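S.K.: only geometry, no sequence info:
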């Protein structure tokens, strides 16, 4: 028995009867058992700027302001010049 899964991404809509309708034809022949994962676009999702602001102000990163975390200096390593 082969337990490997293959993902297929298609757009669809859910109607007023909670029925899923795909906008495209499935690229597989049936009958076949499938596992369905539904990703719903949220209207109240956090945008990238809000996410970055939240991450930047998160106290979990406060330890990075501690001078004991400065373990490297400008004299460590070698300069790199991109030739491309």
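M.R.: Received the coordinates, thanks. Just so you know, these numbers come straight off a predicted model, no measurement behind them.

S.K.: can you tell me which residues contact the residue lying closest to residue 23 once chain neighbours are set aside?
M.R.: Nearest non-adjacent residue to residue 23, counting by Cβ to Cβ, 6 or more residues apart in numbering: residue 11, 4.7 Å away. Placement of C-beta: from N, CA and C, glycine included. Taking Cβ atoms under 8 Å, 6 or more residues apart in numbering as the contact definition, residue 11 lies against 22, 23, 24.

S.K.: Next, format the residues you listed as JSON lines and append secondary structure.
M.R.: Shown next, in JSON lines, are these (DSSP: H, G, I helix; E, B strand; the rest coil):
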{"residue": "22", "secondary structure": "strand"}
{"residue": "23", "secondary structure": "coil"}
{"residue": "24", "secondary structure": "coil"}
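
S.K.: Out of those, the closest to residue 30 would be?
M.R.: If you rank those by distance to residue 30 using Cβ to Cβ, residue 22 comes first, at 13.0 Å.

S.K.: who does the closest one bridge with?
M.R.: Going by DSSP bridges, residue 22 is paired in beta bridges with residue 12.

S.K.: My read is that it contacts residue 15, right?
M.R.: No: using Cβ atoms under 8 Å, residue 22 makes no contact with residue 15, being 11.9 Å away.

S.K.: Could you tell me the phi and psi values at the residue nearest to residue 23?
M.R.: phi -90, psi 150 (degrees, to the nearest 10).

S.K.: Please tell me how far it sits from residue 51.
M.R.: As for residue 11, its distance to residue 51 is 25 Å (criterion: Cβ to Cβ, to the nearest Å).

S.K.: same check, this time on residue 66
M.R.: Applying Cβ to Cβ to residue 66 and residue 51 gives a distance of 25 Å.

S.K.: quick one: which of the two has more around it?
M.R.: residue 51 (11 against 8; other Cβ atoms under 10 Å).

S.K.: Just the pLDDT at the residue of the chain most remote from its centre, thanks.
M.R.: Computed with Cα atoms, centre = their mean, the residue of the chain farthest from its C-alpha average is residue 75, at 36.5 Å. Note on residue 75: pLDDT of 86.
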